[in-house]
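In: Compute the structure for the input listed below.
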Amino acid sequence: MKRGRAAHATAVFWQSAFFKMSVTLAAISMAFALVFSGSVGAAENRLKVVATTGMIADAARQVGGDLVDVKALMGAGVDPHAYRQTRTDIVALAKADLVLWHGLYLEAQMEDFLVSLGKRGKVIAVAEALPKELLISHADYADKYDPHVWMDPERWTKVILAVRDALIAERPDAKAVIKANAAQHIEEVEKLAGYSKRALATVPADSRVLLTAHDAFNYFGEAYGFEVIGIQGISTESEAGLNRIRELVDLLVARNIGAVFVESSVSDRNIKALIEGAAAQGHTVKVGGELFSDAMGRDGTYEGTYLGMIDHNATTITRALGGKAPDRGMTGALEASS
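Out: Modelled structure (predicted):
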């Protein structure tokens, strides 16, 4: 009899334990399901934004925050002047809630496609929001403007505002959050502009010549008081001939220019030709560093953000041309120079 009661008690104990375990597992499963469905729901509610360049994508991420899911078509080292949309790009663009492109003929090979796409959906050329008086015209392109406006942080704030307005138009319910994010990012960019101005002001007057692979730094030169010379024109599609190379070699020698700069998204072939040509005339020219011109640095790095891109450029140019700037840039976040 005692054995029967003991067996019954044991059975009851295990039934109770299994019941509690089942309830606990069910609760855990339900919690995971709620968390997962919540995260999926949040992701699904995000505005799907596709941007052509990394600079525009970065602005969209900074301004949109958790409200947006941003994809950049062009990554580190990609030349937007020559870039053509891929099949994968076309699918992403078609599925996007909002497409942000630069305009001003930067995406020359994609322009017709993007204009056509704009007739069927939300497609905004954000740099074309800049007032014409802030744009630099070019003798070689009478009906077009220099598109490289991101090289001047103060001009770039106008593009950030255009991104802000495009996001608000799609998410008017989040207007306050988007405006606050934009204001904070613009404050960061203005701080960067101040650092760049102070650092670059230390470059000696006779060294304030910036010679690069292509003519991408005119806005930089105007903002910070540098003479800017590009081997190629404002588009990398314009090839530099032998006469242009000879002309620039003579200029390097005559003006005793000791440093030139390569670009991350442009071949260094012409820069090497300049250095070799100057050496043949007994004049030594060094590479002052690699600059980010049409594309930012690698994803996941400080240089892979707009702030890091411009911080790197301002710091590299300052130090290479005899000015004074911290080795790791404005906040110490730049990669250590080799």
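In: Doesn't Asp69 lie inside a helix?
Out: No: counting by DSSP: H, G, I helix; E, B strand; the rest coil, Asp69 falls outside a helix, being strand.
In: low-scoring pLDDT stretches of the stretch 51-200 of the chain, where are they?
Out: In the prediction, the stretch 51-200 of the chain carries residues with pLDDT under 70 at positions 140-141.
In: That one: strands as residue ranges?
Out: Applying DSSP state E, counting those that start in this stretch to the stretch 51-200 of the chain gives strands spanning 68-72, 98-101, 123-125, 137-138, 141-145.
In: quick one: contacts for the spatially most central residue of the chain?
Out: Among the residues of the chain, the smallest C-alpha distance to the mean C-alpha position (CA atoms, centre = their mean) belongs to Met55, namely 2.6 Å. Met55 makes contact with 102, 150, 156, 296, 306, 309, according to CB atoms under 8 Å, 6 or more residues apart in numbering. Quick note: C-beta positions are derived from backbone N, CA and C, even for glycine.
In: If we use 10 Å, what do you get?
Out: Contact partners of Met55, counting by CB atoms under 10 Å, 6 or more residues apart in numbering, are 72, 74, 80, 102, 126-127, 149-150, 156, 159, 292, 294-296, 305-306, 309-310.
In: go on, Thr86?
Out: The contact partners of Thr86, taken as CB under 10 Å, 6+ apart, are 73, 92.
In: Okay, it and Leu73: tell me how far apart.
Out: 8 Å (CB to CB, to the nearest Å).
In: okay, now the nearest residue to His102 once chain neighbours are set aside: neighbour count?
Out: Using CB to CB, 6 or more residues apart in numbering and skipping residues adjacent in sequence, the residue nearest His102 is Ala127, 4.8 Å away. Applying the criterion other CB atoms under 10 Å, we find 26 residues in the vicinity of Ala127.
In: likewise Leu161?
Out: By other CB under 10 Å, 19 other residues sit near Leu161.
In: Please apply the same query to Gly225.
Out: By the criterion of other CB under 10 Å, Gly225 has 13 neighbours.
In: how close does it sit to Glu170?
Out: In this structure, Gly225 and Glu170 are 40 Å apart, going by CB to CB.
In: domains in the chain, as residue ranges please.
Out: Residue ranges of the domains in the chain are recorded as 45-197, 199-320, according to automatic domain parsing.
In: Let me have those domains in a markdown table, extended by distance to Ser337.
Out: Supplementary listing: the domains of the chain in a markdown table, determined by distance: least, CB to CB, whole Å:
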| stretch | distance to Ser337 |
| --- | --- |
| domain 45-197 | 17 |
| domain 199-320 | 8 |
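In: So for Glu335, which of those domains sits nearest?
Out: The stretch from these with the least distance to Glu335 (CB to CB) is domain 199-320; that distance is 6.6 Å.
In: Endpoints of the closest one, how far apart?
Out: The first residue of domain 199-320 is 12 Å away from its last residue (CA to CA, to the nearest Å).
In: now stretch 245-263
Out: Across stretch 245-263, the terminal residues are separated by 17 Å (CA to CA).
In: List the buried residues for that stretch?
Out: Of the residues in stretch 245-263, those with enough neighbours to count as buried (16 or more other CB atoms under 10 Å) are 245, 248-249, 252-253, 257-263.
In: Closest one to Lys286 out of those, please.
Out: The shortest separation between Lys286 and any of the buried residues of stretch 245-263 is 5.4 Å, and it belongs to Ala259 (by CB to CB).
In: what about the spatially closest residue to that closest one that is not a sequence neighbour, distance to Leu192?
Out: Nearest non-adjacent residue to Ala259, counting by CB to CB, 6+ apart: Gly288, 3.6 Å away. Look at Gly288 and Leu192: by CB to CB, they are 20 Å apart.
In: of those two, who's got more company?
Out: The neighbour count for Gly288 versus Leu192, taken as other CB under 10 Å, is higher for Leu192 (23 against 19).
In: does the more buried one really touch Ala333, like I thought?
Out: No: between Leu192 and Ala333 there is no contact under CB atoms under 10 Å: 11.5 Å.
In: what residues are shared contacts of the two?
Out: Between them, Leu192 and Ala333 have 307-308, 311 as joint contacts when contacts are counted by CB under 10 Å, 6+ apart.
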